[in-house]
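Novice: the sequence isn't on hand, but the structure is:
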């Protein structure tokens, strides 16, 4: 198998070299890209704080596949298994509800010490950590409002929670030597048509100003804000719309998060990247797969994933774009979901890096749209798979579908043994 992989790679390397594409250099660059793998796929967004309540905030996870993690240790073990099957060194994205502590602590009182076990684990495995305040699945978000709540006491609770989350993010970045992205998303909105669209947005703006008032070292923490078109329970109006957060992010120099599932079903985020990148210092991506709504299906190698990757590569945006995943499927093996989605995201970036971008741009500039179309189509069948197989072997992870056997064994030995 190893000889076949090597031979196929050498043949592919020769083909790509005809267009000035050095596959060795491409794989070196690919190895530097970190994908932020979301922890909440492993336990269906339950977390370990306030576990007695159900999911709220328009979030829904369907399926009852056995083996969901029920403790931080189980979740870390599952992530370790997934990372052993994914090429490269990456990051883990935590929500605040994933604190690893025996204390009964409220969300507005969380501190770095409640996440110390995550930091130790990340150090041991050479991983980075990202963070998110959890503004859902809580009694103080039960009416659908948090940072834009008309009650100043409830609003203060969520402001304090987001402040605490930023400090935790800065601690992660300082301890791990990898910048933490702390992303703020709130579910605030109305199920039916509101009369006053302005007042909630004014309250949200004021709350965010207070949240971000404390200066933090950007080497340790970067702030991001995330929009949404609609959600379950906020079908008519979402306070934090794309227009709101785009304006806020540009005015206040925060990262603007584009989630693939947070727009109209016919709207794609790939087409937004080249515009937004002209005016921002950086972008956060939540790569997901919406199916008619923000359903957060596991990422597959579809057209939009490839277009996102192409935009990042063609316009040299990888250095200023933070790539995170956001999907949750409880109908399949949860470790497999991580592996499928993360490998596909990395593979899409590789495919984009193996295209003759300069030749295509020149053809377009010359008005030679025939060559642009023909060359684009021909490269779709170039042997990127051989380069991917070689990269997996080089990184010490299973080649092709061999990883499925390891997940199945882990399911039998570990996941099915859980209560």
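Specialist: Noted; the coordinates are in hand. Source: prediction; values computed, not measured. Numbers count the residues shown, from 1 in each chain.
Novice: ok, and what's touching stretch 366-385?
Specialist: Applying C-beta atoms under 8 Å, 6 or more residues apart in numbering, the contact partners of stretch 366-385 are 8, 11-12, 15-16, 347, 350-351, 354-356, 359-360, 363-364. C-beta: built from backbone N, CA, C; applies to glycine.
Novice: please apply the same query to stretch 200-213.
Specialist: Contacts for stretch 200-213 (C-beta under 8 Å, 6+ apart): 145, 147-150, 155, 158-159, 162-163, 166, 184, 186, 188, 194, 223, 225, 239-240, 244, 248, 252, 254.
Novice: next: stretch 1-15.
Specialist: Stretch 1-15 is contacted by residues 23, 24, 382, 383, 384, 386, 387, 389, 390, 393, 399 when judged by C-beta under 8 Å, 6+ apart.
Novice: for the last one, phi and psi?
Specialist: Backbone torsions of residue 399, given as degrees, to the nearest 10, read phi -90, psi 140.
Novice: surely it and residue 392 touch.
Specialist: Yes: using C-beta atoms under 8 Å, residue 399 is in contact with residue 392, at 4.9 Å.
Novice: comparing those two, which residue is more hemmed in?
Specialist: Taking other C-beta atoms under 10 Å, residue 399 and residue 392 do not tie; residue 392 has more neighbours (23 against 16).
Novice: which of the three states applies to the more buried one?
Specialist: helix (DSSP: H, G, I helix; E, B strand; the rest coil).
Novice: I figured it hits residue 87, correct?
Specialist: Yes: counting by C-beta under 8 Å, residue 392 touches residue 87, with 5.3 Å between them.
Novice: next, the buried residues of the lengthiest helix in the chain.
Specialist: What stands out as the longest helix in the chain, according to DSSP state H, is helix 152-176. Using 16 or more other C-beta atoms under 10 Å as the test for burial, helix 152-176 gives 154-155, 157-176.
Novice: look up which helix or strand the residue nearest in space to the middle of the chain falls in, please.
Specialist: Residue closest to the average C-alpha location in the chain (C-alpha atoms, centre = their mean): residue 324, at 2.0 Å. Here residue 324, judged by DSSP states H and E, is contained in strand 321-325.
Novice: by contact count, what packs against that strand?
Specialist: If contacts are counted by 3 or more C-beta pairs under 8 Å, 6 or more residues apart in numbering; DSSP states H and E, strand 321-325 sits against strand 35-38, strand 180-184, strand 283-287, helix 334-353.
Novice: and the ones you listed as JSON lines, adding mean pLDDT?
Specialist: Formatted as JSON lines, those follow (pLDDT from 0 to 100):
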{"stretch": "strand 35-38", "mean pLDDT": "98"}
{"stretch": "strand 180-184", "mean pLDDT": "98"}
{"stretch": "strand 283-287", "mean pLDDT": "97"}
{"stretch": "helix 334-353", "mean pLDDT": "98"}
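Novice: reformat these as JSON lines; add distance to residue 316 and mean neighbour count.
Specialist: Formatted as JSON lines, the helices and strands packed on strand 321-325 follow (distance: least, C-beta to C-beta, whole Å; neighbours: other C-beta atoms under 10 Å):
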{"stretch": "strand 35-38", "distance to residue 316": "18", "mean neighbour count": "25"}
{"stretch": "strand 180-184", "distance to residue 316": "20", "mean neighbour count": "26"}
{"stretch": "strand 283-287", "distance to residue 316": "13", "mean neighbour count": "25"}
{"stretch": "helix 334-353", "distance to residue 316": "11", "mean neighbour count": "24"}
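Novice: adding distance to residue 134, write the ones you listed out as JSON lines.
Specialist: Output for those, formatted as JSON lines (distance: least, C-beta to C-beta, whole Å):
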{"stretch": "strand 35-38", "distance to residue 134": "13"}
{"stretch": "strand 180-184", "distance to residue 134": "11"}
{"stretch": "strand 283-287", "distance to residue 134": "15"}
{"stretch": "helix 334-353", "distance to residue 134": "19"}
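Novice: nearest to residue 110, of those?
Specialist: Closest of the helices and strands packed on strand 321-325 to residue 110 is strand 180-184, at 12.4 Å (criterion: C-beta to C-beta).
Novice: that closest one relative to strand 283-287, how many degrees between them?
Specialist: Interaxial angle of strand 180-184 relative to strand 283-287 (axes from the mean of the first three to the mean of the last three C-alpha atoms, to 10 degrees): 70 degrees.
Novice: starting from strand 180-184, tell me the next helix or strand along the chain.
Specialist: strand 189-190.
Novice: buried residues in the very next helix or strand once past that following strand?
Specialist: Using DSSP H and E, the next helix or strand after strand 189-190 towards the C-terminus is helix 198-211. Buried residues in helix 198-211, defined by neighbour count with 16+ other C-beta under 10 Å: 200, 201, 203, 204, 205, 207, 208, 210, 211.
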